[in-house]
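Asker: I would like the atomic coordinates for the input below:
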Amino acid sequence: MSLLPQVLHARGHGRLATLVQLMREEYRELRPVRDGVLARLMELVFIEALRSTVVNASAPGILKGLGDERVATALRLIHADPVRPWTVEQLAREAALSRSGFFERFSRTLGVAPMAYLLTWRMALAKQLLRRQGLTVAQVAEQTGYGSASAFTVAFTRHTGCSPARYSREQLSA
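Answerer: The predicted structure is shown next:
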């Protein structure tokens, strides 16, 4: 979320206007499954709003990254397989760039280094998993690319300021 802009300003985008009109109509009608339809339409509005600003993204962040074909390749790979032990060299090769060229381009485009982005993405996934009842710290560690619960615990605690077990307890009791 920190890589998204605080405000999106989209004008003159017909698809976005159509989706907003569909939301308006769905909201006014008392049809079956209205809440589900509104939720899906809201997701589409959000995605279309992001798409409409990718072309004009000037500030570093995920939108600018998605607008750069080479960086977007690396982002897709990271999101598709966050468990994989990615290296800058592997991501650079997939993006068809030199290691240093990829590192500089990714960092400039997203405002964060590739491995820092990977860590942030893994921690976001870990937080999501820790909010679920029944998953152990070891299971979350495995599902987020860590070889051991202790390595995950150290990384999570350093990133969030609290242990995974404490985070999970606090989220489940909230």
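Asker: what sits closest to F102 if chain neighbours are left out?
Answerer: The spatially closest residue to F102, leaving aside those adjacent along the chain, is A92, at 3.5 Å (CB to CB, 6 or more residues apart in numbering). Bear in mind the C-beta positions are built from the backbone N, C-alpha and C, glycine included.
Asker: and for the one you found, the neighbour number?
Answerer: Per other CB atoms under 10 Å, the neighbour tally for A92 reads 21.
Asker: which element, helix or strand, includes it?
Answerer: helix 88-94 (DSSP states H and E).
Asker: cool, Q21 as well?
Answerer: Following DSSP H and E, one finds Q21 within helix 14-28.
Asker: need the contact partners of that helix.
Answerer: The set of residues that contact helix 14-28 without belonging to it, under CB atoms under 8 Å, 6 or more residues apart in numbering, is 10, 34, 37-38, 41-42, 44-45, 48-49, 52.
Asker: buried ones in it?
Answerer: 16, 19-20, 23, 26 (16 or more other CB atoms under 10 Å).
Asker: what's the answer for stretch 161-169, then?
Answerer: Neighbour counts using 16+ other CB under 10 Å place 164, 167-168 of stretch 161-169 among the buried residues.
Asker: which residues are in contact with the residue nearest the centre of the chain?
Answerer: For the chain, the residue lying nearest the average C-alpha position, counting by CA atoms, centre = their mean, turns out to be W121 (6.2 Å). Listed by CB under 8 Å, 6+ apart, the contact set of W121 reads 78-79, 82.
Asker: what does stretch 154-167 rub up against?
Answerer: Under the criterion CB under 8 Å, 6+ apart, external residues in contact with stretch 154-167 comprise 119-120, 122-123, 126-127, 130, 137, 140, 146, 152-153, 170.
Asker: go again using 10 Å as the cut-off
Answerer: 119-120, 122-124, 126-127, 129-131, 135-138, 140-141, 144-146, 148-149, 152-153, 168-170 (CB atoms under 10 Å, 6 or more residues apart in numbering).
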